[in-house]
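Asks: Build me a model:
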Amino acid sequence: MLLKRFKEYNHTLVTFLLFFISLITFHSNVFADPKKESAEQYRLQAYDQQQKGNYNAALSFYTKAEALGEMSPTLLNDMGVLYEQIGFMKKAEHHYLDSIKQDKNYLPAYMNLAYLYKNSGDMDKAAQYFQRRFELAGSEDSWANKAKDELLAIRPEYKNRIVSMETNRLNQELEDRIQKELSHRVNRSHQFYEKGAEFFDSGEYKKAIMEFNQALKVTPENSKVVQSRKKAIVALVRKRIKRRKDRAIEMINAGNYDSAQREIQKILTIIQNKPKLISN
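Replies: Numbering: from 1, shown residues only. Here you go, the predicted model:
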């Protein structure tokens with residue numbers, strides 16, 4: 001009898017607290033200074049009290065956070081859990097649904113909502129939200145597997161559909177990884193190309209060719225890099241030929257014909273090696 005009276009008293013106290021907080025919410029919105037009051041701190045304090053079983057204190061902190069405009073999916077979900085713990089199922093449902101409306105990819109609210117419906121005997125809605133929780137998760141998500149198990153316990157006929165969904169999910173994740181790797185390779189190639197272009201513009205053709213070579217190791221079929229590399233090789237050959245030609249002329253003017261002839265032979269060697277450079 002005493003336990004029953006205590007529960008009735010506690011429920012009445014929580015109901016009064018809810019009513020009282022609703023009265024002060026307007027004033028909190030008007031007078032609270034968001035620079036001094038931290039809604040997130042209130043939420044964390046509320047969660048701490050909730051974990052300790054101090055539901056009245058938790059509710060007070062949550063509502064303070066809510067009054068400051070902190071209507072995040074996390075806050076709404078946490079408040080839903082609290083309302084469910086103290087027996088206000090409609091309020092719990094309302095907050096879980098609002099959490100999902102805030103962010104359709106906030107997954108904890110789907111699971112909490114599914115269990116709320118399951119515990120209340122509404123298996124159709126429970127199956128609906130277990131399915132959504134499963135569909136939105138990745139293959140490595142342990143909660144997704146739990147949602148799948150709960151869904152199959154309610155709807156065994158969904159097994160083939162779930163197998164198909166898991167196969168499609170794995171294929172999509174594989175495709176995403178391939179695309180990510182390709183994007184990474186293209187970005188690396190572009191970085192080498194940009195560096196090579198900088199060296200080319202500054203007349204450092206040998207360094208430019210080295211950068212273009214690195215780019216082609218990552219993306220061998222990149223025609224833009226191939227053409228830029230050929231252009232750099234031609235410029236390098238011209239630069240080397242000009243240097244040898246100028247030296248040969250200087251030696252001829254100085255009467256050093258043998259050295260001039262050797263420089264001319266080196267020019268011919270450079271020209272002969274140009275096709276080899278381009279093909280490498």
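
Asks: Could you tell me the per-residue confidence at the residue nearest the centre of the chain?
Replies: By Cα atoms, centre = their mean, the mean C-alpha position of the chain lies nearest to Lys180, the distance being 11.9 Å. Looking at Lys180, its pLDDT stands at 88.

Asks: so how far is the helix or strand hosting it off the chain centroid?
Replies: Per DSSP states H and E, Lys180 falls inside helix 159-201. Chain-centre distance of helix 159-201: 14 Å, with Cα atoms, centre = their mean, to the nearest Å.

Asks: Let me know the next secondary structure element after it.
Replies: According to DSSP H and E, the helix or strand after helix 159-201 is helix 205-218.

Asks: returning to what we had before: who are the packing partners of the helix holding Lys180?
Replies: With contacts defined as 3 or more Cβ pairs under 8 Å, 6 or more residues apart in numbering; DSSP states H and E, the packing partners of helix 159-201 are helix 123-136, helix 142-154, helix 205-218, helix 223-253. For glycine as for every other residue, the C-beta is placed from the backbone atoms N, C-alpha and C.

Asks: separation between Glu194 and Lys266?
Replies: Look at Glu194 and Lys266: by Cβ to Cβ, to the nearest Å, they are 33 Å apart.

Asks: Which residue of those two possesses the greater neighbour count?
Replies: Lys266 (16 against 11; other Cβ atoms under 10 Å).

Asks: what's the closest non-adjacent residue to the more buried one?
Replies: Nearest non-adjacent residue to Lys266, counting by Cβ to Cβ, 6 or more residues apart in numbering: Arg244, 5.3 Å away.

Asks: ok, the one you found - contacts?
Replies: For Arg244, the contact set (Cβ atoms under 8 Å, 6 or more residues apart in numbering) comprises Glu263, Ile264, Lys266, Ile267, Ile270.

Asks: Thank you, goodbye.
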